[in-house]
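Peer 1: no FASTA, just this:
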Ligand code: LLP
């Protein structure tokens, strides 16, 4: 029996046929799933004036950004390059939230010129920005609320030792700088981490922003960041988005009454929007039995999907070519000269050399974190949209590795 978790096909298009047509490794995205996720968020927060600012860094392909726009969301960008990609996708600059960390004033000025909403996360830049622009350019401030949240230490970013945001304990200093430079603060922002399960965390964060917000009379929005946890395996507990939406919205409406004006509520989900929509299809190059372990060596690795190695993240792996076969225990490993274990001790339908395997939850932080390590080429990307598989990024070629090299005459 194939596992109910084995995707086999999306929107009636078989993943094996996509592998045949476009080759492997290939990233495949289900456009319908992305749209559904955005609509679910809109439903969960339907009581409030909501703007979804999809966290572009999760998956930046311009066709995906266009699809996200089509579904009614806007975008969050962390670099001037991401801002430009969003604009390539047709977003107006004013619909882009720019949330950098540790960038230069030159880059920030460039984004001001483009016209995106600027979100600053340190006092020196806030002061410099105020001296440069006074109240002529509205700005948002990223607060570090000192909340420990997130699936693991590397993706927990709202705690007291994190480099992100301006400490809530430095609120008085923020107010001094804002006052001195006569600045126009139209938003407050926080993001505490990724893979957050607990509705209480979102509420706790919201309460920190509400308290700070009373000190800023010109606000238009509060941005509660992203971090909603999605399912990685069968039976996984996920963020109860309806509950979070309901509770945060109620608290927000209550706050708006106290504040005396209706504000917008902004969210910046990345994983929630694209994680489950994505599949990385690879091929088994070798099935290698050792005295203890049977390895499946695939034509991919940490150069294409680094999450299992970097965060010990779990990604489901299924056999597309032999789904009905008896299950056996395998370690699925990459072809990179590092220990790049994609999945350890996994029960997978018997794998033969040449079989196609699919790695799930590959939509968020998959290709966007990919590299050319070991001089391997980055995969193609395919979007299934309206029941049809469309190529949205060509597979790299060898000449791409040489493209920017300046080869000396030695
Ligand atoms: N907003 C800000 C300011 C962020 O820094 C992030 C993620 C998000 C929103 C979106 O968070 P999400 O909804 O995707 O959890 N590479 C790691 C995740 C790093 C997240 C970085 N910031 C991973 O693959 O788990």
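Peer 2: Everything's here; your move. Worth saying up front: this structure is predicted, and the values here are computed from it rather than measured. Numbering: from 1, shown residues only.

Peer 1: now do the residue most central in space within the chain against residue 392, distance only.
Peer 2: The chain has residue 58 as the residue nearest its centroid, 2.7 Å off, counting by C-alpha atoms, centre = their mean. To residue 392, residue 58 is 15 Å away according to C-beta to C-beta, to the nearest Å. (Glycine included, C-beta is placed from N, CA and C.)

Peer 1: also residue 37?
Peer 2: When residue 37 is compared with residue 392 (using C-beta to C-beta), they lie 18 Å apart.

Peer 1: cool, and residue 215?
Peer 2: For residue 215, the distance to residue 392 - C-beta to C-beta - is 45 Å.

Peer 1: ok so residue 118 is a strand residue?
Peer 2: Yes: counting by DSSP: H, G, I helix; E, B strand; the rest coil, residue 118 is found in a strand.

Peer 1: could you shift the numbering so residue one becomes 535, and keep it that way?
Peer 2: Fine by me, first position is 535 from now on; the one you just mentioned is residue 652.

Peer 1: returning to what we had before: residue 749 and residue 926: which is more packed in?
Peer 2: residue 926 (20 against 14; other C-beta atoms under 10 Å).

Peer 1: and the more buried one, what does it touch?
Peer 2: 563, 595, 596, 597, 598, 915, 916, 917 (C-beta atoms under 8 Å, 6 or more residues apart in numbering).

Peer 1: could you look up the SS state of it?
Peer 2: Assignment for residue 926 (three-state DSSP): strand.

Peer 1: need the contact list for residue 895.
Peer 2: 764, 766, 809, 810, 812, 847, 849, 850.

Peer 1: let me know the pLDDT of it.
Peer 2: For residue 895, the model assigns a pLDDT of 98.

Peer 1: you'd agree it is in a strand?
Peer 2: No: counting by three-state DSSP, residue 895 is not found in a strand; it is coil.

Peer 1: distance of it from residue 553?
Peer 2: Taking C-beta to C-beta, one finds residue 895 at 18 Å from residue 553.

Peer 1: same question, residue 806
Peer 2: Taking C-beta to C-beta, one finds residue 806 at 27 Å from residue 553.

Peer 1: ok, the closest residue to the ligand within the stretch 785-934 of the chain - contacts?
Peer 2: Using C-beta to the nearest ligand atom, the closest approach of the stretch 785-934 of the chain to the ligand is made by residue 804 at 2.6 Å. Residue 804 makes contact with 588, 589, 590, 591, 592, 593, 728, 760, 898, 899 under the criterion C-beta under 8 Å, 6+ apart.

Peer 1: isn't the second one up against residue 616?
Peer 2: No: the pair residue 589 / residue 616 is not scored as a contact, 9.6 Å apart, by C-beta atoms under 8 Å.

Peer 1: so the two - more neighbours on which side?
Peer 2: Per other C-beta under 10 Å, whichever of residue 589 and residue 616 has more neighbours is residue 589, with 29 against 24.

Peer 1: look at that one and report its pLDDT.
Peer 2: So, for residue 589, pLDDT stands at 98.
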